[in-house]
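Student: could you look at this predicted model? Sequence included:
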Amino acid sequence: MTAIDLGEDIPERPSTPDGQAFVDMQASPEFQELRSRLRRFVFPMTGFFLTWYFTYVLLATYAHDFMATKVLGNINIGLILGLGQFVTTFAITAIYVRFANRELDPRSSAIREELEGTAK
C-alpha cells in the first residue's frame, strides 16, 4: 500500500531548478559571500598547515641533531613535533567544523531553500 492508499499526506517535494537558476544563484551576492567566507578560512588555514608540515619535513631532513635533542627520557624534539602534526590536523578539523556549522551551513541552507523554492 502506498501513502495515498492509506490516506496519508505526502510532503510536497521541492521543485528541481533548471540550469539557468544555478547560474543565476552563483552570480548572486549571497552565494558570492558564501564563497568568500569559505576562501577566507580555507586558504590561510591551508597555508598555515603546509608551512608547518614542510618545516617539520625540512627539520627532519636537514636538522638531525636538533630533532634528536632529548627533552624527557627518550622523547626527543622530533617525536614531539611529529605528534604535533597529528594534534594540529585534529585541531584544524575541529576549528573547521565549528566554523562551517556557525558560518557556512546557515548560509548554504538559505541558498538551497531559495533555489529549490522551499523558503518559508
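Tutor: Cool, the structure landed. Numbering: from 1, shown residues only.

Student: report how many residues lie close to residue 85.
Tutor: 14 (other CB atoms under 10 Å). In this view, the C-beta of every residue, glycine as well, is placed from N, C-alpha and C.

Student: next one: it relative to residue 56, how far apart?
Tutor: Using CB to CB, to the nearest Å, we find residue 85 at a distance of 6 Å from residue 56.

Student: next one: residue 47
Tutor: Where residue 56 is concerned, residue 47 sits at a distance of 15 Å (CB to CB).

Student: neighbour count for these two, which is higher?
Tutor: residue 56 (17 against 10).

Student: I'd like the next helix or strand past the helix or strand containing the more buried one.
Tutor: Applying DSSP states H and E as the criterion places residue 56 in helix 29-62. Heading C-terminal from helix 29-62, the first helix or strand you meet, by DSSP H and E, is helix 64-67.

Student: identify the residue nearest the geometric centre of this structure.
Tutor: Residue closest to the average C-alpha location in the chain (CA atoms, centre = their mean): residue 96, at 5.0 Å.

Student: low-confidence ranges, the protein, go.
Tutor: Applying pLDDT under 70 to the chain picks out residues 1-15, 118-120.

Student: can you give me the first-to-last residue distance of stretch 57-68?
Tutor: Using CA to CA, to the nearest Å, one end of stretch 57-68 lies 14 Å from the other.

Student: pull out the buried positions in it.
Tutor: Buried residues in stretch 57-68, counted by 16 or more other CB atoms under 10 Å: residue 67.
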